[in-house]
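Visitor: Just the structure for this:
(one chain, ligands or ions: 1)
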Amino acid sequence: MLDPIMSPVVVALDVDNERDCIALAERLSPKLCRVKVGKELFTSCGPAIVEKLQLLGFEVFLDLKFHDIPVTTAKAVKAAADLGVWMVNVHASGGIRMLEAAKESLANHQKAPLLIGVTVLTSSTQEELQQLGINRSPAEQVLSLAGMVKGAGLDGVVCSAQEASALKAQNGDDFVLVTPGIRPAGSDNQDQRRVMTPSEAMLAGSHYLVIGRPITKAQDPIAVCNNIIASLAGEAGVAVE
Ligand SMILES: O=c1ccn([C@@H]2O[C@H](COP(=O)(O)O)[C@@H](O)[C@H]2O)c(=O)[nH]1
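Guide: Just a heads-up that it's a prediction; the model follows:
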């Protein structure tokens, strides 16, 4: 119901130049995954990279995590929508007025992207939240921010898959859960802290799995991507295509 293509995989194209980005994208298939353009790629290549990926047939998640005063955030979200992206996000901690302004900016858009609120970064730990003056567990903070995101009318949240089942219980099946911090069994967590395997994440209720380095830094990125998708069919009952 959420998906014109069945695959939940969104590959994070975290590279710093068009050549590497397109070389990677040309080896992936828009039938098997979507792609994510984040701060590194967008800052290096600009909005043109979004169009180039769309011309290859990919739906694009523009992961710029807007966080600013309401009017600036709203205008940035509208500019992202005008690029024709499939999904765009803002930081939930920008507050309710910022979230409502972002939502309102898409009100008259013909084909509005999914608008998603970033809760607590998947690299963050309880200790780091405490250092920011937040005396809650990551899960408690995620649930609290998600309630605000839903109240402002956004489509869902970025969270860790570790919070997915609680979020699903809190917000229902249609509230979109986008989960980075995905690590196939045995792979390095790198700077991620709240992680799950692809199958665990799907079983916990994730809708979309954002996966970067385990695919993009692999010797054979396409084989890893295909193996992840095959593992979802085998272990989590998610059939792609
Ligand atoms: O909480 C968040 C929000 C966004 N990200 C982004 O997802 C990818 C993850 O890449 P990996 O290489 O698989 O770690 C990356 O682009 C982040 O900017 C996130 O990780 N956590």
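Visitor: For the closest residue to V90 other than its chain neighbours, give its distance to the ligand.
Guide: Residue nearest to V90 in three dimensions, not counting chain neighbours: F66, with 4.5 Å by Cβ to Cβ, 6 or more residues apart in numbering. C-beta here means a position set from N, CA and C on the backbone, and glycine is covered the same way. The spacing between F66 and the ligand, counted by Cβ to the nearest ligand atom, to the nearest Å, is 13 Å.
Visitor: tell me which residues form a beta bridge with the residue nearest the centre of the chain?
Guide: Centroid-nearest residue in the chain, with Cα atoms, centre = their mean: V178, separated by 4.7 Å. Counting by DSSP bridges, V178 is bridged to V158, Y208.
Visitor: wouldn't it be in contact with G205 here?
Guide: No - between V178 and G205 there is no contact under Cβ atoms under 8 Å: 11.6 Å.
Visitor: Contact partners for V35?
Guide: Contacts for V35 (Cβ atoms under 8 Å, 6 or more residues apart in numbering) come out as V10, V11, A12, L13, A25, L28, L53, F58, E59, V60, F61.
Visitor: Spell out which residues of the protein are next to the ligand.
Guide: By Cβ under 6 Å from any ligand atom, the residues of the chain that approach the ligand are 12, 14, 38, 63, 118, 121-122, 158, 180-181, 192, 210-214.
Visitor: if you set the cut-off to 8 Å instead, what comes out?
Guide: For the chain, the contact set with the ligand under Cβ under 8 Å from any ligand atom comprises 12, 14, 36, 38-40, 63, 65, 118-124, 158-160, 180-183, 190-192, 210-217.
Visitor: how about JSON lines for the contacts of V35, with secondary structure, distance to C225 and neighbour count added?
Guide: JSON lines is the format used below for the contacts of V35 (DSSP: H, G, I helix; E, B strand; the rest coil; distance: Cβ to Cβ, whole Å; neighbours: other Cβ atoms under 10 Å):
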{"residue": "V10", "secondary structure": "strand", "distance to C225": "11", "neighbour count": "26"}
{"residue": "V11", "secondary structure": "strand", "distance to C225": "7", "neighbour count": "26"}
{"residue": "A12", "secondary structure": "strand", "distance to C225": "12", "neighbour count": "22"}
{"residue": "L13", "secondary structure": "coil", "distance to C225": "12", "neighbour count": "26"}
{"residue": "A25", "secondary structure": "helix", "distance to C225": "12", "neighbour count": "20"}
{"residue": "L28", "secondary structure": "coil", "distance to C225": "6", "neighbour count": "22"}
{"residue": "L53", "secondary structure": "helix", "distance to C225": "16", "neighbour count": "23"}
{"residue": "F58", "secondary structure": "coil", "distance to C225": "13", "neighbour count": "23"}
{"residue": "E59", "secondary structure": "coil", "distance to C225": "16", "neighbour count": "20"}
{"residue": "V60", "secondary structure": "strand", "distance to C225": "17", "neighbour count": "25"}
{"residue": "F61", "secondary structure": "strand", "distance to C225": "16", "neighbour count": "26"}
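Visitor: Thank you, goodbye.
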